[in-house]
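A.B. asks: this is the structure alone, sequence omitted:
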C-alpha cells in the first residue's frame with residue numbers, strides 16, 4: 001500500500017502538519033511505501049498560476065496519482081480549509097482521488113471549526129472522485145500541546161480517534177504508547 005500525506009499548512013511549525021505526519025506513524029507497518037508532500041514547499045508562482053507544466057508541480061500531482069491512500073491535513077481558517085491546500089487541490093485532475101482511500105485531518109483553535117471538514121473539505125474531495133473517505137479527525141489547539149523539544153503532544157482521546165479512523169487500513173494494529181510521539 002502506497003500512502004501519501006499532503007500538508008496544506010502555510011506554517012513551518014504547524015499542528016496540522018504534525019498531525020498529518022503522526023497519522024503516518026500510526027500506519028507504520030501497513031504501508032509498503034509512504035511519502036509526504038508539503039504544499040508550502042511547492043513553487044508559489046507555479047502554484048498560484050496553476051502551472052501544471054512546472055516540474056515540481058507535475059511531480060506533486062503524479063505523487064497523488066501513484067498513491068493508494070491519501071492523508072490530507074489542513075488548518076481551519078475562517079471555517080474553511082487552508083487556501084494553500086485549495087490551490088493544490090485545484091491543480092488535480094477531476095478524478096484524481098477516485099479509487100483511493102482518503103483520510104481528512106484538520107486542526108483549529110476551537111471545536112467551532114469542526115464542521116469545516118464536512119461542509120468545506122469533503123465536498124471538494126468528493127468532486128475529485130473520492131468515494132472511500134475515512135472518518136475525519138479534527139483536533140483543537142488544546143489537544144495538541146507544544147512540546148519543549150519541538151513537535152506536539154497529543155491528548156489520549158485524539159490518538160484514540162485517529163486510531164479508530166485508520167483502523168480500516170490497519171485492523172490488527174495495536175496502539176503504541178504515547179511516549180513514542
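C.D. replies: Great, that's in hand. A quick note: this is a predicted structure, and the numbers were derived from the prediction, not measured.
A.B. asks: what about the strands in the chain?
C.D. replies: Using DSSP state E, the strands of the chain run over residues 2-7, 33-38, 69-77, 80-81, 101-108, 132-133, 137-140, 144-146, 152-154.
A.B. asks: rebuild those as CSV, extending it with mean neighbour count, distance to residue 63 and mean pLDDT.
C.D. replies: Placement of C-beta: from N, CA and C, glycine included. Conversion of the strands of the chain to CSV gives the following (neighbours: other C-beta atoms under 10 Å; distance: least, C-beta to C-beta, whole Å; pLDDT from 0 to 100):
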stretch, mean neighbour count, distance to residue 63, mean pLDDT
strand 2-7, 23, 6, 97
strand 33-38, 17, 6, 95
strand 69-77, 26, 9, 97
strand 80-81, 20, 19, 95
strand 101-108, 24, 14, 97
strand 132-133, 16, 19, 97
strand 137-140, 22, 22, 96
strand 144-146, 15, 26, 91
strand 152-154, 18, 25, 93
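A.B. asks: out of the ones you listed, nearest to residue 57?
C.D. replies: Taking C-beta to C-beta, strand 33-38 is the member of the strands of the chain nearest to residue 57, at 10.9 Å.
A.B. asks: what packs against the closest one?
C.D. replies: Based on contacts counted as 3 or more C-beta pairs under 8 Å, 6 or more residues apart in numbering; DSSP states H and E, the elements that strand 33-38 packs against are strand 2-7, helix 15-26, helix 55-66.
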